[in-house]
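Participant: Predicted model and sequence below, questions to follow.
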Amino acid sequence: MNSILKGMNYFLVTLTALLISCKPHVSLSGATIPPEAKTISVGFFANNTSLGAPSLSQRFSEKLKDVVSQQTNLALMRQNGDLQFEGYISDYNVAPIAIQSTDQASLNRMTISVNVKYINKFEVAKNFEQTFTRFADYKSSENISSKEPELVQEIYRQITEDIFNRAFNNW
């Protein structure tokens, strides 16, 4: 009987040690992040288009920083993080998509593309460079100047979600 108790104690101590030593690879958002990664950096995404507001770059860079800081527990650094995002806004376009009558559009589409390079210092196989494109439609009767902030905000939400999923959810 005494040897059974010793055996059970040994088993429980070993099991406890194993469970304590395990490090989860998952954040609160369900993202898979290397356990050794402690920092992340998001570079400034320059606007390489001839159109769009000058604030496009700053707004996108800040939006991506917000997403990674809210959905991971990684410390945000200016540069050289364990995980890194860099890139540029490669396209900004507004074009008619639905013709109503004699050459008059009833709907316009704003499209934004962002080229992103992701670097993972611990899992090089997960590095990528990809262009993410999203769009939002609006009525042609609406003034683009007043509608643009809302459209850009929605497009950036979608693009940053796509980038996060590609980097951390193996999408």
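Facilitator: Sure thing, it's come through. These figures come from a predicted structure and were not determined experimentally.

Participant: remind me which residues of the chain are low pLDDT?
Facilitator: Low-confidence segments of the chain, defined by pLDDT under 70: 1-30, 101-103, 171.

Participant: go with 50
Facilitator: 15, 17-29 (pLDDT under 50).

Participant: and the longest strand for it?
Facilitator: Longest strand in the chain, counting residues (DSSP state E): strand 83-101.

Participant: For the following helix or strand past it, enumerate the helices and strands it packs against.
Facilitator: Downstream of strand 83-101, the next assigned helix or strand under DSSP states H and E is strand 104-120. On a contact count with 3 or more Cβ pairs under 8 Å, 6 or more residues apart in numbering; DSSP states H and E, strand 104-120 meets strand 83-101, strand 128-139, helix 144-168. Any C-beta I mention is one placed from the backbone N, CA and C, and that applies to glycine too.

Participant: Mean neighbour count and distance to Arg59 added to the ones you listed, as JSON lines?
Facilitator: Below are the helices and strands packed on strand 104-120 laid out as JSON lines (neighbours: other Cβ atoms under 10 Å; distance: least, Cβ to Cβ, whole Å):
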{"stretch": "strand 83-101", "mean neighbour count": "16", "distance to Arg59": "10"}
{"stretch": "strand 128-139", "mean neighbour count": "15", "distance to Arg59": "14"}
{"stretch": "helix 144-168", "mean neighbour count": "17", "distance to Arg59": "7"}
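
Participant: Asn170 belongs to a helix?
Facilitator: No. If the criterion is DSSP: H, G, I helix; E, B strand; the rest coil, then Asn170 is coil and not within a helix.

Participant: residues contacting it?
Facilitator: By Cβ atoms under 8 Å, 6 or more residues apart in numbering, the contact list for Asn170 reads Thr32.

Participant: coming back round to it: adding distance to Ser69, write the helices and strands packed on strand 104-120 out as JSON lines.
Facilitator: Below are the helices and strands packed on strand 104-120 laid out as JSON lines (distance: least, Cβ to Cβ, whole Å):
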{"stretch": "strand 83-101", "distance to Ser69": "12"}
{"stretch": "strand 128-139", "distance to Ser69": "19"}
{"stretch": "helix 144-168", "distance to Ser69": "11"}
